[in-house]
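> Next come a sequence and a model predicted from it.
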Amino acid sequence: MSAAVEPLHRPRPASSASLELNGVHAGYGDFAALFGVGLHVDPGEAVGVVGPNGAGKTTLLRVISGLIRPTAGSLRFDGHDLTTTPAHALPALGIAHVPENRRLFPHLTVEENLKVGAFSPAARPHFIARRDHVYELFPKMKARRHQLAGTMSGGEQQMCAIGRALMCGPRILLLDEPSAGLAPLVVQQVFDLVRRIRQEGLTVLIVEQNVAQVLRVVDRAYVLETGRVAAEGRSAELAADPAIRRSYLGGH
Amino acid sequence: MKSLIPWAVVVALLACLPLLSPPEYFIHLGVTVLLTAVAGTGWAMMGRYGLVSFGHGAFLGIGAYTMALLWNMAGLSPWVGIPIGVALAAGAGVLLGYPCFRLKVIGHYFALVTLAAGEIVRILITALREYTGGSLGMTPDRVPPESAFLAMQFDKTGFWWLALAAWAGGLLAWWLLDRSMSSKALAAISEDEDAAASIGIRVTREKLKVTLISTGLAALAGALTAQYRMYLNPESLAGLGPSLQIVFGAIAGGMYAPLGPTVGAIITIGLDESLRVAFGTDFTGGAPFIYGILLVLFMIYLPRGIVGIFERRRKPAAAPPALGVPVAAK
Amino acid sequence: MDPFLLEALVNGILLGGVFALPALGLNLVFGVVDVVWLCYAELVMVGMYAVWFLFTQLGWPLPLAFATCLPIVSLLGIALHYLVVRPLLSSPPINQVLATGGVLFLLQGAMTLVFRTEFRSLGVDMPPMEVGEIFVSGTKLAAFCAALVGAAILWAFLKYTYVGTAIRAIARDREVMPLMGVDPQRIYLIASAVGGALAGLAACLLVVQLDVHPFVGLSFGPITFMICVMGGLGNMLGGFLAAFLMGIIVSVGGFWGTTEFSYVVAFGFFIVTMFARPRGLFAR
């Protein structure tokens, strides 16, 4: 079936198409939230950022997608210096950000939400193909294509938000707390979605408080604490680390 | 109380000014400035707490027309007519304000409700042309000189004193309000109405209090202006035009300082007159044109008005930040 | 039904169509940029002068004058955004409103300087048409149809284009727009241009019905604001419906009393509406 549909991602890029942060400092006004964060995501990888509330996880994603400018450090994606690129130019570069709390346009229909996601001039010609692909990934969205996004359940809204992000044909997907505010069963479904997206070959950077779940989905993870990287490693290693287990995995 | 002494001295000195027998034109300018300042002071008493009215012209009109109609039709002296007009205007203000405040009509919505009210008054004045002369305007009946005092028909010097008294009254009201708890309550309300209500501030009552004073002052200014000019017309005493002019004066001078609206009145009247003197009627439209540009520039570069330049670091905590101070971009 | 009442009703609907355009434009700008253009009626006034000048002074054909009026007022909207609104985007709303109030004075003054205060008339009229028992002004009917066409084009633009969809989206969530690849500043500019163009279209429809003078904006500006607020600021459909409601109130009110009386009724109705539904009749 899907062979006829154009793949969501562009052809697998050369190894240079990776996201790299070095010594990033950032904050809001006088309040600093990140202190010299270094992080890299290689093509095709799924990387998690975990940590307690207020560790700077959301700030980190907002820095990557240009909503906040770093005060120091470097930020590169696929050879582009992101510190000087305006935020609205990033989807065209292949960076899609599913924000915290989904932030759908509640009074627009599902399909209109997808349309806003395809706003970049480069994405418009691919609207129909990508929309159909999203509907194939999430058949529920197809059934609700003319429903107002605000009237759907939390899990459906998360699907729609991810679908909207896929509409710009991203190479990397930034997910901010996709499980926040959802019922446990729905959380499971959302992580299944993330797995499915990974199978598409998309690079994923996911920020989560639900450490146990996210470590099952990603290849590697960073532990962020008070704006600094406290630990990093492969998911299995982190999941086995006693300190991590104590702090984040219920201490067993 | 001590802080009132320098003010009293200033008012007394101003009251002595006619003794120097300055040219009539000078006195005329002074009266016009003072009366404009009274209206602006009244407006700013609401405006500085975030109650931005675009309908204050209506209260000028209610004050002026009540006075003039009582005089022409019932022979009631302006000495009585003006207090009645002021009371009526304040009553109208409360009538409009009470539901607004109770039902939380605030911000843009409040501004537009007052705009509608101002228009209603303007149209009513025009429509009741049998009594008010409609848009052609009306003139209070003149009396022979011997009964001029009773009819409040003075020369320019007499009006100088009247206007000065009204102006001093306005400033006194400002001063009293500033010293009262109401001022703090209103500042809190303008910042966060719900939070203010939750700590026991009676939001509606405090807002009504300041509305009462504000609309009363506007009516006083309107009535005295009409009586001074001996001419009333709806276009200059009600509706959007005069309402915005009041706002402009208060903003240009600065609405957070007691003398701000007065400075604004000096600017607007000075601008009007200098353009008129310099260009005569060839430059009709020049004054609003320049007003407009200044208003835009003030909002962009000097949102606290002229007086705002001088008030830096003086009591920064007392200045309500709801207006004038740009909120930090998110 | 009394044919005169029916006529008043029909006229009210026709009037509502004309009110609808500026109400839509004002709502569009407010919904997107979050700033009330207090000088909106004055943009219309400038457009009316433009048509009058091109048609009667330069002798251009009327359709050409109309077609030129739209881009002129649209540019004016862009200039207003660039020079006045943009520097104030992070200021308190009241400062923004007052600045556009300054533009109201500026435009009135400028037009007085250039064209003086005389009432100017286009001097064209279309014959009235007899429909059943009632007479309908041909000019008003034509203006009404043009207004509907304008509204329909606007609706299609908002519904079917990328920019239009983004305009509807940005009204609810500004901050997230860059993540969609949307530059909010550009959308503001487009909305201002479209808002200006709608004022231009309204100018074309009004200039055939009203004499132009520098203060003509004060005659329909206030009611336009009230229509927007009644419909719910930023709610385009609400504003559209409220325009017809106000048109009918004004027209039918005029049937029972004078025109002035009818405006008093309409404004009074507005105030009562605000008390009953402080966020507009059609607030969601």
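Structure received. Note that this is a predicted model, so its numbers are computed, not measured. Numbers count the residues shown, from 1 in each chain, chains lettered A, B, ... in the order given.
> Please state the backbone phi and psi of residue B:180?
Here the main-chain torsion angles of residue B:180 (degrees, to the nearest 10) amount to phi -80, psi 170.
> Return the distance of the longest helix seen in chain C from the chain's centre.
Of all the elements of type helix in chain C, the one with the most residues (DSSP state H) is helix C:3-33. Mean C-alpha position of helix C:3-33 versus that of the full chain (Cα atoms, centre = their mean, to the nearest Å) differs by 8 Å.
> Give the other helices and strands that it contacts.
In this structure, helix C:3-33 makes packing contacts with helix C:40-52, strand C:134-136, helix C:138-160, helix C:162-170, helix C:184-207, helix C:217-231, helix C:236-256, judged by 3 or more Cβ pairs under 8 Å, 6 or more residues apart in numbering or on different chains; DSSP states H and E. In this view, the C-beta of every residue, glycine as well, is placed from N, C-alpha and C.
> between these, which gets nearest to residue B:134?
Distance to residue B:134, taken as Cβ to Cβ, is lowest for helix C:217-231 among these, at 15.1 Å.
> right, is the closest one up against chain A?
No - contact of helix C:217-231 with chain A (Cβ under 8 Å from any Cβ of the partner chain) is absent, the minimum separation being 15.3 Å.
> how many other residues sit next to residue A:232?
When neighbours are defined as other Cβ atoms under 10 Å in any protein chain shown, residue A:232 has 17 of them.
> which non-adjacent residue is nearest it?
Closest residue in space to residue A:232, ignoring its immediate chain neighbours: residue A:222 at 4.6 Å, by Cβ to Cβ, 6 or more residues apart in numbering or on different chains.
> what's the helix or strand for that neighbour?
Using DSSP states H and E, the secondary-structure element containing residue A:222 is strand A:220-225.
> What helices and strands are in contact with that strand?
Taking 3+ Cβ pairs under 8 Å, 6+ apart as contact, the helices and strands that strand A:220-225 lies on are strand A:46-50, strand A:228-234, helix A:235-240.
> hmm, who's touching that strand?
The set of residues external to strand A:220-225 that reach it, using Cβ atoms under 8 Å, 6 or more residues apart in numbering or on different chains, is A:37, A:39, A:45, A:47-52, A:55-57, A:60, A:214-215, A:229-235, A:238, A:244, A:248.
> Name the strands paired with it and say parallel or antiparallel.
Using DSSP bridges, the strands paired with strand A:220-225 are strand A:46-50 (parallel), strand A:228-234 (antiparallel).
> What's the first helix or strand after the first one?
Meaning strand A:46-50. Downstream of strand A:46-50, the next assigned helix or strand under DSSP H and E is helix A:57-64.
> Who are the packing partners of that next one?
Under the contact definition 3+ Cβ pairs under 8 Å, 6+ apart, helix A:57-64 sits against strand A:19-28, strand A:31-41, strand A:46-50, strand A:72-77, strand A:95-98, strand A:172-176, strand A:203-208.
> export those strands to JSON lines and tack on mean pLDDT?
Written out in JSON lines, the entries for the helices and strands packed on helix A:57-64 read as follows (pLDDT from 0 to 100):
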{"stretch": "strand A:19-28", "mean pLDDT": "91"}
{"stretch": "strand A:31-41", "mean pLDDT": "91"}
{"stretch": "strand A:46-50", "mean pLDDT": "93"}
{"stretch": "strand A:72-77", "mean pLDDT": "92"}
{"stretch": "strand A:95-98", "mean pLDDT": "93"}
{"stretch": "strand A:172-176", "mean pLDDT": "93"}
{"stretch": "strand A:203-208", "mean pLDDT": "93"}
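> pLDDT value on residue B:43, please?
Looking at residue B:43, its pLDDT reads 94.
> Give me the residues contacting the helix or strand where residue B:173 lies.
Following DSSP H and E, the helix or strand that holds residue B:173 is helix B:156-179. Applying Cβ under 8 Å, 6+ apart, the contact partners of helix B:156-179 are B:3-4, B:7, B:11, B:14-15, B:17-18, B:24, B:27-28, B:30-31, B:34-35, B:37-38, B:41-42, B:45, B:152, B:154, B:183, B:210, B:213, B:217, B:220-221, B:224, B:227-228, B:258-259, B:262.
> before we move on, what about stretch C:238-252?
Residues outside stretch C:238-252 that contact it (Cβ under 8 Å, 6+ apart): C:5, C:8-9, C:11-20, C:23-24, C:26-27, C:151, C:223, C:226-228, C:230-232, C:259, C:262-263, C:265-266, C:269-270, C:280-283.
> residue contacts, residue A:190?
In this structure, residue A:190 makes contact with A:155, A:158, A:178, A:179, A:182, judged by Cβ under 8 Å, 6+ apart.
> so what pLDDT did the spatially closest residue to the third one that is not a sequence neighbour get?
Among residues not flanking residue A:178 along the chain, residue A:190 sits closest, at 5.1 Å (Cβ to Cβ, 6+ apart). Confidence at residue A:190, expressed as pLDDT, is 86.
> On the three-state scheme, residue A:190 is what?
Of the three states, residue A:190 takes helix under DSSP: H, G, I helix; E, B strand; the rest coil.
> What about residue C:2, how many residues nearby?
The criterion is other Cβ under 10 Å. On that basis, residue C:2 has 10 neighbouring residues.
> and what of the one 3 residues further on?
Residues lying near residue C:5 (other Cβ under 10 Å) number 13.
> can I assume it is in contact with residue C:255?
Yes - with contact taken as Cβ atoms under 8 Å, residue C:5 and residue C:255 are classed as touching, separated by 5.9 Å.
> name the helices or strands packed onto the lowest-mean-pLDDT helix or strand in chain C?
Least confident helix or strand, chain C: strand C:129-131 with a mean of 79, by mean pLDDT, DSSP states H and E. Contacts of strand C:129-131 with other secondary structure elements, assessed using 3+ Cβ pairs under 8 Å, 6+ apart, are made with strand C:134-136.
> Give the buried residues for the strand it packs on.
C:134, C:136 (16 or more other Cβ atoms under 10 Å in any protein chain shown).
> Tell me who's in contact with residue 229.
Since no chain was named, I'll use chain A. When contacts are counted by Cβ under 8 Å, 6+ apart, residue A:229 is found next to A:37, A:38, A:39, A:222, A:223.
> hmm, I had chain C in mind actually
Contact criterion Cβ under 8 Å, 6+ apart gives B:108, B:109, B:112, C:270, C:274, C:280 as the residues in contact with residue C:229.
> just to revisit the earlier point, which of the contacts of strand A:220-225 are buried?
Among these, the ones that count as buried by 16+ other Cβ under 10 Å are A:37, A:39, A:45, A:47-51, A:55-57, A:60, A:214-215, A:229, A:231-232, A:235, A:238, A:244, A:248.
> contacting residues around the nearest residue to residue B:107 once chain neighbours are set aside?
Nearest non-adjacent residue to residue B:107, counting by Cβ to Cβ, 6+ apart: residue C:93, 6.4 Å away. With contacts defined as Cβ under 8 Å, 6+ apart, residue C:93 is in contact with B:107, B:108, C:34, C:35, C:36.
> I figured the fourth one hits residue C:95, correct?
Spelled out, it's residue C:35. No - contact status for residue C:35 versus residue C:95: not in contact, 10.0 Å apart, counting by Cβ under 8 Å.
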